[in-house]
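J.: for reference, the sequence and a predicted model appear below.
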Amino acid sequence: MAFLSIRMHSVRKIFSHAFQDEDNRLLMASSPIFIMHVLALGVFFTGFSWAAFLALVVTYSVRVFALTAGFHRYFSHRAFKTSRLFQFVLGWVGTSSAQLGPMWWAANHRHHHQYSDKEEDIHSPVVKDAFWAHIGWVLCRAYGEIQQDRIKDLNKYPELRFIDRFHVLPVLSLILVLYIGGAVLNAYFPGLGTSGMQFVMWGFFVSTVLVYHVTFCVNSVTHIIGKKRFKTDDESRNSWWVALLTFGEGWHNNHHRWPFSARQGMYWWELDLSYLVLRGLERLGLVWDLKVYPEKIYEEARMQPLEVDQSS
Ligand SMILES: [Zn+2]
Ligand SMILES: [Zn+2]
């Protein structure tokens, strides 16, 4: 019950902050992220088909992987190696999630690790609040600039600079592919009951809004609710349900303890889908040199007292 009441309290806090604060109302109304939410309501006009739903599942899965394995574990933490071509693919597909480019993303994320839950942390729900950590900070234009000094290793690739600068292109290319896909299916298989616009609505707008919120949950929820395996000097926690939604990013306390690992779950029961896919890509020769938790981290985990569930 205590668990439920804390969760309800957090939800209430998010909504009261979102709607009572004048600045937040203005930020929300002027943000492309807000507009994306409004446009997603277009599904009520284009209707439903299983084909469009499948498009949503595919675009959600592929982009969550590109963000978790690509933007986070590769671009931000260099947890594995890959070719320049596959690096570009990860950058392009991740940017089609409309969360700006890999350099902007990695720069902000590296800043988060340096100052986790300290005053300087850009999106700490501990220093500020859950609304700010979840979505407020991305609505705030003050964080639009790329902190170049943090991403010198990425800045040397002109193709990554191109993606970051023209971050709208991957977004538009996804919309175009979906529109053509839906229109072709409509022309050749009218029995499917789909259309170009319906594909765009489900495969881009609804999918992107879902991808936003699961990504944002890593910044908000996993610094508030869940278990702390390690006594890190921040409030990061392990949350199994955020891990399910984000293909492994919910094992956030593990991650803060050892951010260099391409695997965030530590044991087989800590499901980390992105890591399993990375292992598959490794067999295909697309990625290599995957870093994992060293034995000393497992040893440290064994030495910890029983994990504390902060939500109960
Ligand atoms: Zn964190
Ligand atoms: Zn990280």
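T.: Here it is on my side, so go on. Ligands and ions are numbered 1, 2, ... in the order given.
J.: low-confidence regions, the stretch 201-312 of the chain specifically.
T.: Applying pLDDT under 70 to the stretch 201-312 of the chain picks out residues 305-312.
J.: any idea how many residues pack against residue 54?
T.: Using other Cβ atoms under 10 Å, residue 54 is surrounded by 15 other residues. (Each C-beta comes from the backbone N, C-alpha and C, glycine too.)
J.: correction: the previous question concerned residue 45.
T.: A count of neighbours around residue 45, defined by other Cβ under 10 Å, yields 9.
J.: residue 88 too?
T.: Other residues within reach of residue 88, judged by other Cβ under 10 Å, total 17.
J.: neighbours of residue 38, how many?
T.: In terms of burial, residue 38 registers 11 neighbours under the definition other Cβ under 10 Å.
J.: helix or strand: which one has the residue nearest the centre of the chain?
T.: With distances taken as Cα atoms, centre = their mean, residue 215 lies nearest the centre of the chain, 2.9 Å away. Residue 215 is located in helix 207-219, with elements delineated by DSSP states H and E.
J.: how far does the helix or strand following that helix sit from the chain's center?
T.: The C-terminal neighbour of helix 207-219 among helices and strands, as given by DSSP H and E, is strand 227-228. Relative to the centre of its chain, strand 227-228 is centred 20 Å away, using Cα atoms, centre = their mean, to the nearest Å.
J.: for strand 227-228, packing partners?
T.: Applying 3 or more Cβ pairs under 8 Å, 6 or more residues apart in numbering; DSSP states H and E, one finds that strand 227-228 makes contact with strand 308-309.
J.: could you check the angle the longest helix along the chain makes with helix 207-219?
T.: Counting residues, the longest helix in the chain under DSSP state H turns out to be helix 168-188. Here helix 168-188 runs at an angle of 140 degrees relative to helix 207-219 (axes from the mean of the first three to the mean of the last three Cα atoms, to 10 degrees).
J.: for helix 168-188, which helices and strands make contact with it?
T.: Here helix 168-188 touches helix 50-65, helix 84-95, helix 196-200, going by 3+ Cβ pairs under 8 Å, 6+ apart.
J.: looking at these, which is closest to residue 173?
T.: Proximity of the helices and strands packed on helix 168-188 to residue 173 was assessed by Cβ to Cβ; the nearest stretch is helix 84-95, lying at 8.0 Å.
J.: pull out the buried residues from that closest one.
T.: Residues of helix 84-95 classed as buried: 86, 87, 88, 90, 91, 92, 93, 94, 95 (neighbour count, 16 or more other Cβ atoms under 10 Å).
J.: ok, which pair from the residues you listed is furthest apart?
T.: Largest separation among the buried residues of helix 84-95 by Cβ to Cβ: 86 and 95, giving 14.7 Å.
J.: distance of residue 129 relative to residue 232?
T.: According to Cβ to Cβ, to the nearest Å, residue 129 stands 21 Å off from residue 232.
J.: wait, I meant residue 121
T.: The span separating residue 121 from residue 232 equals 13 Å under the rule Cβ to Cβ.
J.: neighbour-wise, which of these two wins?
T.: The residue with the greater number of neighbours, taking residue 121 and residue 232 and applying other Cβ under 10 Å, is residue 121; the counts read 22 against 18.
J.: what about the residue nearest to the more buried one when sequence neighbours are not counted, how many residues nearby?
T.: Distance criterion Cβ to Cβ, 6 or more residues apart in numbering; nearest residue to residue 121, sequence neighbours excluded, is residue 115 at 4.5 Å. The number of residues packed near residue 115 is 15, by other Cβ under 10 Å.
J.: and for the one 10 residues further on?
T.: Residue 125 sits with 24 neighbouring residues when counted by other Cβ under 10 Å.
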